[in-house]
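> what follows is a predicted structure for the sequence shown.
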Amino acid sequence: MSPRLLQQFLSFALIGLLGTAAHFLVLYVLVSQLDFGPVSASSVGAVTGALVNYGLNYRLTFRSQKKHRDALPKFLVVASGGWLLNGLLMAILLSRLDIHYLLVQVIVTSLVLVWNFLANRFWTFRERAG
């Protein structure tokens, strides 16, 4: 892996942690302070986390010059694909492996992270040459 690719991957992973933190913060505040139900609060938190991930990856990880109207829909398609991949891999691995579901989730999260990074790097934020 080239140093630039590794740097982008690490940035992407760190930003993913920040997006997750934003998701959990919104979830916690909405449930504990504003009496939202956990499901709706989690949904708002997930959207918040996705927007944090998009904005920071747009600016910092990929330093994109694309218009948001071009990049954001692609980012959301990739995120949706990652969500579907997460569910599919969880179902497959849990049905075939005799290990704790949290360990399976760690494995799946790692695989989905790689999918999300590669899809965003080579499709969402890919800059055209010339």
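Here it is on my side, so go on.

> which strands and helices lie in contact with whichever helix or strand residue 115 is part of?
Secondary structure assignment for residue 115, by DSSP states H and E: helix 101-119. For helix 101-119, the elements it packs on are helix 3-32, helix 68-96, judged by 3 or more Cβ pairs under 8 Å, 6 or more residues apart in numbering; DSSP states H and E. (C-beta placed from N, C-alpha, C; glycine too.)

> can you add distance to residue 107 and give those back as TSV?
Shown next, in TSV, are the helices and strands packed on helix 101-119 (distance: least, Cβ to Cβ, whole Å):
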stretch	distance to residue 107
helix 3-32	15
helix 68-96	7
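
> need the contact list for the spatially closest residue to residue 48 that is not a sequence neighbour.
The shortest distance from residue 48 to any non-neighbouring residue, by Cβ to Cβ, 6 or more residues apart in numbering, is to residue 26 (4.6 Å). Neighbouring residues of residue 26 by Cβ atoms under 8 Å, 6 or more residues apart in numbering: 41, 44, 45, 48, 49.
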